[in-house]
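K.L.:
have a look at this fold, sequence not included:
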Ligand code: GH3
Ligand code: MG
Ligand code: MG
Ligand code: MG
């Protein structure tokens, strides 16, 4: 698809000749005679580049550049005469990506536009990669839940929020029962499949605000903001029951199931995140002691 360019110049002769040249170069070109008209056009037409004159009646090109950079992710090139009192520096400070002196050769303009488009494509690719890397850094590769790093980051924030605004906050910690035995019997890869499935079961039981983490090898955590202990237990028991109901076939003809034990806690005033986690862990330990496949508070 052709790249789109919006030309803004109050000098009609220049506007039209640049427009004609860029159309010849097969860009999708539109033009405006002043900054106000350009601002209006941008509401419905979002070009890849805005090429604007600086010296214009009313709103000048620098102000237009600032406005565009604040509101849109559009690159701006400013053009001005040699005698103008505007500098290259002012244009760049306003957020322009490039600057060209009038009169210019069309070939130079075309080259500069091509370079801007190339850099924009590069930046877009880079931002996409950065976003993917950020996601990877907080995601557990096996289950696609958040990882333990994100768990500690998030629980610290939620606990701070609780201490400041006294919002409810509950925590569930889950551990698979006799999982070592499952691995020993069916192999580690089959064990991994169980972990993946448990991740899906947990996700399917959560409400919009809740978040789930693979917090250790076969240990999971769920953070439940705005949630009292009683409600957290309902969520935890739903997870427990759904895990128990899930059927695994580690080998042809073999059907088996697993269970999880849970500990639940609700934060109390003045408590820090380590003590909060410890209380949920202790409750989990009691679930194990008292026979597993249960939730303790
Ligand atoms: P318990 O009911 O007391 O929890 O018994 P358990 O056998 O589950 O004991 P524990 O919680 O200490 O088990 C840890 C086991 O979990 C050891 C290891 O075999 C297994 N495990 C830990 N991480 C992974 C993993 O990433 N993949 C697989 N397949 N197994 C894991
Ligand atoms: Mg002008
Ligand atoms: Mg464990
Ligand atoms: Mg275990």
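P.N.:
Here it is on my side, so go on. Only a predicted model underlies this, so the values are computations on that prediction, with no experimental measurement involved. Residues are numbered from 1 along each chain as shown. Ligands and ions are numbered 1, 2, ... in the order given.
K.L.:
what's in contact with stretch 120-129?
P.N.:
48, 75 (Cβ atoms under 8 Å, 6 or more residues apart in numbering). Placement of C-beta: from N, CA and C, glycine included.
K.L.:
residue 41 contacts residue 6, doesn't it?
P.N.:
Yes. At 6.5 Å, residue 41 counts as touching residue 6 under the criterion of Cβ atoms under 8 Å.
K.L.:
next, see if stretch 181-189 gets close to ligand 1.
P.N.:
Yes. Applying Cβ under 6 Å from any ligand atom, one finds stretch 181-189 touching ligand 1 at 181, 183, 188.
K.L.:
from those, which ones fall inside helices?
P.N.:
Among those, DSSP state H puts 181, 183, 188 in helices.
K.L.:
mind putting those into a markdown table with distance to ligand 4 and neighbour count?
P.N.:
Shown next, in a markdown table, are those (distance: Cβ to the ion, whole Å; neighbours: other Cβ atoms under 10 Å):
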| residue | distance to ligand 4 | neighbour count |
| --- | --- | --- |
| 181 | 10 | 11 |
| 183 | 10 | 17 |
| 188 | 14 | 9 |
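K.L.:
follow-up on the earlier one: what's the closest of the residues of stretch 181-189 next to ligand 1 to residue 17?
P.N.:
residue 188 (70.9 Å; Cβ to Cβ).
K.L.:
can you read off the pLDDT for the closest one?
P.N.:
The model reports residue 188 with a pLDDT of 98.
K.L.:
in which helix or strand does residue 66 reside?
P.N.:
helix 61-71 (DSSP states H and E).
K.L.:
so what touches that helix?
P.N.:
8, 35, 38-39, 42, 50, 52-55, 74, 76, 78, 80, 86, 90-91, 94-96.
K.L.:
on the C-terminal side of it, identify the next helix or strand.
P.N.:
Past helix 61-71, the next helix or strand by DSSP H and E is strand 75-81.
K.L.:
packing partners for that following strand?
P.N.:
Where contact means 3 or more Cβ pairs under 8 Å, 6 or more residues apart in numbering; DSSP states H and E, strand 75-81 is packed against strand 49-53, helix 61-71, strand 98-102, helix 106-138.
K.L.:
so which residues make contact with it?
P.N.:
9, 48-55, 61-62, 64-65, 68-69, 86, 91, 94-102, 104, 112-113, 116, 119-120.
K.L.:
one step back: how about the ones in helices among the residues of stretch 181-189 next to ligand 1 in a markdown table, adding distance to residue 202?
P.N.:
Formatted as a markdown table, those follow (distance: Cβ to Cβ, whole Å):
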| residue | distance to residue 202 |
| --- | --- |
| 181 | 22 |
| 183 | 20 |
| 188 | 21 |
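K.L.:
now, among those, which is nearest to residue 245?
P.N.:
Nearest to residue 245 out of these is residue 181 (Cβ to Cβ; 20.0 Å).
K.L.:
do you know how far that closest one is from residue 218?
P.N.:
Distance of residue 181 to residue 218, given as Cβ to Cβ, to the nearest Å: 12 Å.
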